[in-house]
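Q: sequence below, structure please.
(2 chains)
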Amino acid sequence: MRCEDLTDDLSAAADGSALLGRHERRHVERCLRCQAELVQYRKVLRAMRALRTDVLEPAPGFLAELLANIEESGERRAIRSMISGHRAAYLGGLAAATAAGAAGAIVFASRVRRLKTAS
Amino acid sequence: MPQDVAELVIAARDGDREAFDDLVRATHAETYTLALRLTGNEEDARDVVQEAYFRAFRGLKRFRGDAQFSTWMYRITANCAATHMGKRTKHRHEELHDSDPVVDERPAVDPQLQADAGALRERLTVALEALPDKLRQVVVLRDIYDLPHEAIAAELGISETAAKVRLHRARKKLRDDLFPRREQEAADAV
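A: Numbers count the residues shown, from 1 in each chain, chains lettered A, B, ... in the order given. Model prediction:
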């Protein structure tokens, strides 16, 4: 077994997401280079996890700009929703008027036909 | 993150705009930190944070609250960063800025340990910035923010296998950058 073949396994073993197989473990137990590599991966992981608590503050003014843009976006959304609501009401009214007109025409036509039949 | 974030989330989900603004105030620095780590530069990070909060604002009603709000925001931010960087035509991640804060300036408990950890942290920050975008995104989300492979793959639009491969490549590159002795030994052995 070559040390190079173990790199991914050591990276996964360092964070505990994978266990080394029997052959790999035996190799690492005898190989100072792979042991050193495993220790280095663990150091990298520890340093990475330590970064989790760091908070990098954005430039002054960023928060105000962010809130203003969210506000503007919210208003745009509200206007869009209002416009689409109006449009729906307009189309609904138009459909109702058309339906009423059609019904009136049918009633009128049927009355005319009835009158013609009676005469 | 303050303890009342959960309450703010509930109020914002119920349509309280002021609560959403408070939520942004409470979480924006953390979101910005992730965005900066994912994109590698301030300008892109600002755009990503903005887009992430727009999406959060629009999608808050769908947030079920079974995960932490911070985790939900990490996922949105990761997705926005992947989209933003996909659109970006000019890759600027290789630029290093002297003004970027890279050192933890909190007082030391043990000065020597703190000096060693600080030095490693500083070198790690530089090494992270130097990583290709695709590798940096995965290693930041997995090893700093502890997102599962499945979530990383979903937000970056890649397979879980690809996420794992990128993670190992990124870790190897970071290790080679931080502990270059092994390469030297290999060169000496030839």
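
Q: with chain B as the reference, measure out to residue A:34.
A: 10 Å (C-beta to the nearest C-beta, to the nearest Å). Where C-beta positions appear, they are placed from N, C-alpha and C, glycine not excepted.

Q: mean confidence for the helix of greatest length in chain B?
A: For chain B, the helix with the greatest residue count under DSSP state H is helix B:17-39. Per-region confidence: helix B:17-39 scores 94 on mean pLDDT.

Q: ok, stretch A:54-61 next?
A: If you average the pLDDT over stretch A:54-61, you get 91.

Q: what's the span of it from first residue to last?
A: By C-alpha to C-alpha, to the nearest Å, the extent of stretch A:54-61 from end to end equals 20 Å.

Q: which other residues reach it?
A: For stretch A:54-61, the surrounding residues in contact (C-beta atoms under 8 Å, 6 or more residues apart in numbering or on different chains) are B:28-30, B:32-33, B:36, B:42, B:45-46, B:49, B:101, B:104.

Q: from chain A, which residue is nearest to chain B?
A: Closest to chain B within chain A is residue A:48: 4.0 Å, counting by C-beta to the nearest C-beta.

Q: mind listing what that residue touches?
A: Applying C-beta under 8 Å, 6+ apart, we find residue A:48 in contact with B:124, B:139, B:143-144.

Q: before we move on, what about residue B:63?
A: By C-beta under 8 Å, 6+ apart, the contact list for residue B:63 reads B:9, B:13, B:56, B:69, B:72.

Q: double-check the first one against residue B:26; I have them as touching.
A: No. Between residue B:9 and residue B:26 there is no contact under C-beta atoms under 8 Å: 10.1 Å.

Q: more neighbours, those two?
A: Just comparing residue B:9 and residue B:26: by other C-beta atoms under 10 Å in any protein chain shown the higher neighbour count belongs to residue B:9, 21 against 15.

Q: let me know the helix or strand that the more buried one is in.
A: Applying DSSP states H and E as the criterion places residue B:9 in helix B:5-13.

Q: so for that helix, what gets flagged as buried?
A: B:5, B:8-9, B:11-13 (16 or more other C-beta atoms under 10 Å in any protein chain shown).

Q: before we move on, what about stretch B:127-135?
A: B:127-129, B:131, B:133, B:135.

Q: what about the chain, any weak spots by pLDDT?
A: Going with chain A. Low-confidence segments of chain A (pLDDT under 70): A:75-89.

Q: correction: the question concerned chain B.
A: Within chain B, the stretches with pLDDT under 70 are B:1-3, B:89-115, B:117, B:181-190.

Q: please report how far residue A:46 lies from residue A:3.
A: Distance of residue A:46 to residue A:3, given as C-beta to C-beta, to the nearest Å: 22 Å.

Q: from the contacts of residue A:48, which land in helices?
A: B:124, B:139.

Q: of the contacts of residue A:48, which ones also sit close to chain A?
A: The subset of the contacts of residue A:48 within reach of chain A, by C-beta under 8 Å from any C-beta of the partner chain, is B:124, B:139, B:143-144.

Q: returning to that earlier point: same list (the buried residues of stretch B:127-135) but as JSON lines, adding distance to chain A and secondary structure.
A: Below are the buried residues of stretch B:127-135 laid out as JSON lines (distance: C-beta to the nearest C-beta, whole Å; DSSP: H, G, I helix; E, B strand; the rest coil):
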{"residue": "B:127", "distance to chain A": "9", "secondary structure": "helix"}
{"residue": "B:128", "distance to chain A": "8", "secondary structure": "helix"}
{"residue": "B:129", "distance to chain A": "12", "secondary structure": "helix"}
{"residue": "B:131", "distance to chain A": "12", "secondary structure": "coil"}
{"residue": "B:133", "distance to chain A": "17", "secondary structure": "helix"}
{"residue": "B:135", "distance to chain A": "13", "secondary structure": "helix"}
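
Q: report the two of those separated the most.
A: Distance extremes for the buried residues of stretch B:127-135: the farthest pair is B:127 and B:133 at 14.3 Å, using C-beta to C-beta.

Q: picking that back up, out of the buried residues of stretch B:127-135, which comes closest to residue A:7?
A: Of all those, residue B:135 has the smallest distance to residue A:7: 14.6 Å, by C-beta to C-beta.

Q: the closest one against residue B:166, yeah?
A: Yes. With contact defined as C-beta under 8 Å, residue B:135 reaches residue B:166; the gap is 5.4 Å.

Q: what about the nearest residue to residue A:13 once chain neighbours are set aside, neighbour count?
A: Of all residues not flanking residue A:13 in the chain, residue A:20 sits nearest, at 5.2 Å (C-beta to C-beta, 6 or more residues apart in numbering or on different chains). By other C-beta under 10 Å, 18 other residues sit near residue A:20.

Q: could I get the contacting residues of residue A:20?
A: For residue A:20, the contact set (C-beta under 8 Å, 6+ apart) comprises A:9-10, A:13, A:28.
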